[in-house]
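>>> quick one, fold the following:
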Amino acid sequence: MPFDRRKFLGRTAATGAAVALAGAATAPTAHAQSGSRSTKRYSFTVMGTTDLHGNVFNWDYFTDKEFDDKDHNDVGLAKISTLVEQIREERGRENTLLIDAGDTIQGTQLSYYYAKVDPITGAGGPVHPMAQAMNTIGYDAAALGNHEFNYGIPVLRKFEEQCDFPLLGANALDAKTLRPAFPPYVFKKFRTPCGRSVRVAILGLTNPGIAIWDKANVQGKMAFPGLEEQAAKYVPRLRSMGADVVIVSAHSGSSGTSSYGDQLPHIENAAALVAEQVPGIDAILVGHAHTEIPEYRVTNKETGKEVVLSEPLKWGQRLTLFDFDLVWKRGTWTVESVSAKVLNSNAVAEDPRITGLLTDEHRKVVAYVNQVIGTSTAAMAAAEAPYKDVPVIDFINFVQAETVKEALKGTEHAELPVISQAACFSRTASIPAGDVTIRDVAGLYVFENTLEARLVTGAQLKDYLEFSARYFVRTAPDAPVDPAKLTNADNTPDYNYDVISGVAYEIDIAKAAGSRIANLTFDGKPVDPKAQFVFAVNNYRASGGGNFPHVAAAKQLWSNSDEIRNTIISWVKAKGNIDVDAFSSVDWKLTRDGAPLF
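The predicted structure is shown next:
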């Protein structure tokens, strides 16, 4: 039956303890060993996933075919289910747990469909496919991710209600009471062959960045303190409640950095800091960063003990295994060793239990995304978008600018020039010549961002462009040019390189970052530093995502609650035709010492 959040939180408030028991008395297995009469031992495995982002099937709804990438990874919970069952069979189901580190209900058209098209919050609405799949697989707990809040708290609460396991968030608090809005932790119990139970506490931590990334959904409703602070509060409590093992599931990377700079007093990617600063933790399942870390050991400063971290690759591409070996000493269980590794989901077939369970939902979404909504006069592709001004990014900016102009009609800012920001969210995105479907358009904008209008000056625009241009690798004028090696300097992702339409400019990559923007013009004339512009910008950037200068503090003139993706889809439906010549132009280019690169 679904996990009762209210019952859990009620007991937490009343007694400071809430324990959910898992496992039962079982016969010894190869994985659970009792040892000699004087030395009792027990081994168990905790499996972990993270950043599933709505992936159940090994399917790409944007390309309408099986998922594949250059490394031939596979995705989806159906693959993960097969791996999980293999480990349970090998090590004994009663000696395993399965947890997740967040970002579950956003990311694919499957998850979008059941949040927006046929929402789970509707009267008599469906059960979310991710809840169905995770319940069937048998998850024991999941931490909240920041993308859980993208569709608003009511959708998240309905998803929580549909799950048979708790959604944990020790640092997701009610804004008014500052009490936990979700269960902070859960206990699980193993019955060992020697008859002495092992109590495992799972503490869930989410990302403080929710406060700015989903400000519209959470402001005044929820607060998100730092991971280190809340872990320091709860880990001693869990130990005092009898936890033999403490595991943290943290939707937070391990780098110690923040994409939002100093806009929040809490670190975005704090998992390693938690391990280093908070004694009493045995292992941390890491999420959020979309990187693969099979095993990473961090020494706790106070105890000198190593804490094992692991982050499985996103979308169900990997499954983390934490293997724990315990020994009974002086009347208590002690963790003797912990190791971690990841398994690749491309090594197994999809579990037919999961694919069969959700075949109807999958077919509905495939039919939905393949609806023809208009035509295009020419094909457009994003493959060269990271280093060239291409029509497909111009198209996003064109629709955004037109939308903002329409919204500001009749206001005091209606006569100001509108500039627009967009990024290459997918290098495989494209619009074909001829018929255009929902999936073609949705593939241009794979995030659930919404549109805002902010007021910026010419000087601020210049600073913004300089910051964006850090994306390019500094390249000497006489050096050979390989487009594949020009971008992503200092690991800057594609989505943090913004192209600005409505102005023209050059980016001189022979120069150092911070002094690359040249010949910045509007309407053929140099941009006046004091000139005012209306900036069409997504809510992620406007909220501080990426730590771009000025925009988060700029005056908001207008905002929209609909996703930019839907705005573009609605535009195509209304117009019926995408006339590429109406918006395509080369307004920015890469140079070296003033000489064009392409």
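>>> domain map for the chain?
The chain breaks down by automatic domain parsing into domains covering 5-364, 371-596.
>>> can you give me the end-to-end span of stretch 101-108?
18 Å (C-alpha to C-alpha, to the nearest Å).
>>> sorry, back to before: a markdown table for the domains of the chain, including mean neighbour count and mean pLDDT?
(Glycine included, C-beta is placed from N, CA and C.) Shown next, in a markdown table, are the domains of the chain (neighbours: other C-beta atoms under 10 Å; pLDDT from 0 to 100):
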| stretch | mean neighbour count | mean pLDDT |
| --- | --- | --- |
| domain 5-364 | 20 | 91 |
| domain 371-596 | 18 | 95 |
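>>> what segments of the stretch 51-200 of the chain are helices?
Assigned by DSSP state H, counting those that start in this stretch, the stretch 51-200 of the chain shows helices spanning 77-91, 109-112, 129-137, 153-162.
>>> so which of the ones you listed is nearest residue 278?
Closest approach to residue 278 among the helices of the stretch 51-200 of the chain is made by helix 153-162 (26.3 Å; C-beta to C-beta).
>>> which residues of the stretch 151-300 of the chain fall in strands?
167-168, 173-174, 185-190, 198-205, 222-223, 245-250, 283-286, 293-299 (DSSP state E, counting those that start in this stretch).
>>> the third one versus strand 198-205: what angle between them?
Think strand 185-190. 160 degrees (axes from the mean of the first three to the mean of the last three C-alpha atoms, to 10 degrees).
>>> list the helices and strands strand 185-190 packs on?
strand 198-205 (3 or more C-beta pairs under 8 Å, 6 or more residues apart in numbering; DSSP states H and E).
>>> tell me the angle the strand it packs on makes with strand 245-250.
Orientation check (the same axes, to 10 degrees): strand 198-205 against strand 245-250 gives 20 degrees.
>>> in its sheet, what does strand 198-205 sit against?
In the sheet, strand 198-205 lines up against strand 185-190 (antiparallel), strand 245-250 (parallel) (DSSP bridges).
>>> switch those strands over to a markdown table; also include distance to residue 219.
Below are the strands paired with strand 198-205 laid out as a markdown table (distance: least, C-beta to C-beta, whole Å):
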| stretch | distance to residue 219 |
| --- | --- |
| strand 185-190 | 26 |
| strand 245-250 | 24 |
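>>> among those, which comes closest to residue 418?
Counting by C-beta to C-beta, residue 418 lies closest to strand 245-250 out of the strands paired with strand 198-205; the figure is 40.5 Å.
>>> follow-up on the earlier one: would you mind saying which of the strands paired with strand 198-205 lies nearest residue 197?
strand 185-190 (5.2 Å).
>>> how far away is residue 443 from residue 381?
11 Å (C-beta to C-beta, to the nearest Å).
>>> which residues are in contact with each of those two?
429, 430 (C-beta atoms under 8 Å, 6 or more residues apart in numbering).
>>> of all the strands of the stretch 151-300 of the chain, which lies closest to residue 324?
strand 245-250 (6.4 Å).
>>> what's in contact with the closest one?
46, 48, 99-102, 141-143, 168, 198-205, 227, 231, 235, 238-239, 270-271, 274, 280-288, 322, 324, 326, 333, 335.
>>> so residue 542 is in contact with residue 552, correct?
Yes. Contact criterion C-beta atoms under 8 Å: residue 542 and residue 552 qualify, at 6.4 Å.
>>> residues contacting the nearest residue to residue 381 once chain neighbours are set aside?
Distances taken as C-beta to C-beta, 6 or more residues apart in numbering place residue 430 nearest to residue 381, at 4.3 Å, with adjacent residues excluded. Residue 430 sits next to 379, 380, 381, 382, 392, 440, 443 when contact means C-beta under 8 Å, 6+ apart.
>>> same check on residue 210?
Contacts of residue 210 (C-beta under 8 Å, 6+ apart): 146, 149, 172, 218, 222, 224.
>>> still on that earlier bit, list phi and psi for the residue nearest to residue 381.
Main-chain dihedrals, residue 430, degrees, to the nearest 10: phi -160, psi 160.
>>> with only the CA atoms kept, save stretch 161-177 in PDB.
In PDB, the C-alpha atoms belonging to stretch 161-177 read as follows (Å, rounded to 0.1, in the frame of the first residue of the first chain):
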ATOM      1  CA  GLU A 161       0.600   9.400  -2.700                       C
ATOM      2  CA  GLN A 162       0.900   6.900  -5.500                       C
ATOM      3  CA  CYS A 163       4.300   5.600  -4.400                       C
ATOM      4  CA  ASP A 164       4.600   2.500  -2.100                       C
ATOM      5  CA  PHE A 165       7.800   4.000  -0.700                       C
ATOM      6  CA  PRO A 166       8.700   7.300   1.000                       C
ATOM      7  CA  LEU A 167      10.000  10.400  -0.800                       C
ATOM      8  CA  LEU A 168      12.700  11.700   1.600                       C
ATOM      9  CA  GLY A 169      13.800  15.300   2.100                       C
ATOM     10  CA  ALA A 170      15.300  16.200   5.400                       C
ATOM     11  CA  ASN A 171      16.000  19.700   4.100                       C
ATOM     12  CA  ALA A 172      12.600  20.200   2.400                       C
ATOM     13  CA  LEU A 173      10.800  22.200   5.100                       C
ATOM     14  CA  ASP A 174       7.400  23.900   5.400                       C
ATOM     15  CA  ALA A 175       8.200  27.600   5.000                       C
ATOM     16  CA  LYS A 176       5.900  28.700   7.800                       C
ATOM     17  CA  THR A 177       6.700  26.100  10.500                       C
END
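>>> what's the closest of the helices of the stretch 51-200 of the chain to residue 366?
Across these, closest to residue 366 is helix 109-112 (C-beta to C-beta), at 8.7 Å.
>>> helices and strands around that closest one, which ones?
helix 129-137, helix 359-369, helix 438-442.
>>> out of these, the one nearest residue 87 is which?
Here helix 129-137 is closest among the helices and strands packed on helix 109-112 (C-beta to C-beta), at 11.7 Å.
>>> so residue 420, which of the three states?
Of the three states, residue 420 takes strand under DSSP: H, G, I helix; E, B strand; the rest coil.
>>> I'd like to know how far it sits from residue 396.
8 Å.
>>> before we move on, the earlier item: just the contacts of residue 430: which are in helices?
392, 440 (DSSP state H).
>>> ok, which pair from the contacts of residue 430 is furthest apart?
379 and 443 (13.5 Å).
>>> residues contacting residue 440?
Counted by C-beta under 8 Å, 6+ apart, residue 440 has contacts 430, 431, 432.
>>> would you confirm that residue 409 belongs to a helix?
No. Under three-state DSSP, residue 409 sits outside any helix and is assigned coil.
>>> contacts only, for it.
Contacts of residue 409 by C-beta under 8 Å, 6+ apart: none found.
>>> can you tell me how far the nearest residue to residue 380 once chain neighbours are set aside is from residue 560?
Nearest residue to residue 380 in three dimensions, chain neighbours excluded: residue 392, at 3.9 Å (C-beta to C-beta, 6+ apart). Distance, residue 392 to residue 560, using C-beta to C-beta: 22 Å.
>>> and for residue 279?
47 Å.
>>> residue 242 contacts residue 200, correct?
No. Applying C-beta under 8 Å as the test, residue 242 and residue 200 come out as separate, 10.6 Å apart.
>>> cheers, nothing more for now.
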